[in-house]
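Peer 1: Here's my sequence, what's the structure:
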Amino acid sequence: SHFMEESTVQLRRRGTSFMPPTAKPQDHREVSARNEAQGKQESTTSVGCGDGMSVSSVSDVMNEKVLGIKGDKGSWFGKCVACGMHLETEALLNRGWFCQVRRAI
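Peer 2: Sure thing, here's the model as predicted:
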């Protein structure tokens, strides 16, 4: 199963949906940096997202590889979406997330 090295699928969230309308762009940068730092601290435990899959951490700003995906690469994107929907259903992840397949160069 060498193809595991070639590409990964990331569950991402940019954390933009909860900015108050009066916030200035620099406020958002500070919020993002803080959330990202919190996410790194939490990454000691993984968060399960159904069907044996997990991500290292969940936060408003995240870019996590979905781990434990079974099946061929063609199904990875769908599995990532299923992972995100599971986390949203469990109220662990807010709306605004998306999946991105990253292929190794």
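Peer 1: use CA for all of it now, contacts and neighbours both
Peer 2: Will do.
Peer 1: next SSE after the helix or strand of the chain with the lowest mean pLDDT?
Peer 2: In the chain, the helix or strand scored least confidently by mean pLDDT, DSSP states H and E is helix 25-42, which has a mean of 46. Beyond helix 25-42 on the C-terminal side, the first helix or strand identified by DSSP states H and E is strand 47-48.
Peer 1: those helices in the protein, which residues are they?
Peer 2: Secondary structure of the chain by DSSP state H: the helices cover 25-42, 76-89.
Peer 1: hmm, who's touching the last one?
Peer 2: In other words, helix 76-89. Under the contact criterion CA atoms under 8 Å, 6 or more residues apart in numbering, helix 76-89 has outside partners 9-11, 49-50, 53-54, 66, 69, 93-95, 97-101.
Peer 1: buried set for it?
Peer 2: By 16 or more other CA atoms under 10 Å, the buried positions in helix 76-89 come out as W76, F77, K79, C80, V81, A82, C83, G84, M85, H86, L87, E88.
Peer 1: could you redo those as CSV and give each row pLDDT and distance to G15?
Peer 2: Written out in CSV, the entries for the buried residues of helix 76-89 read as follows (pLDDT from 0 to 100; distance: CA to CA, whole Å):
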residue, pLDDT, distance to G15
W76, 91, 23
F77, 93, 21
K79, 95, 22
C80, 95, 18
V81, 96, 18
A82, 97, 20
C83, 97, 18
G84, 96, 15
M85, 97, 17
H86, 97, 18
L87, 96, 15
E88, 95, 14
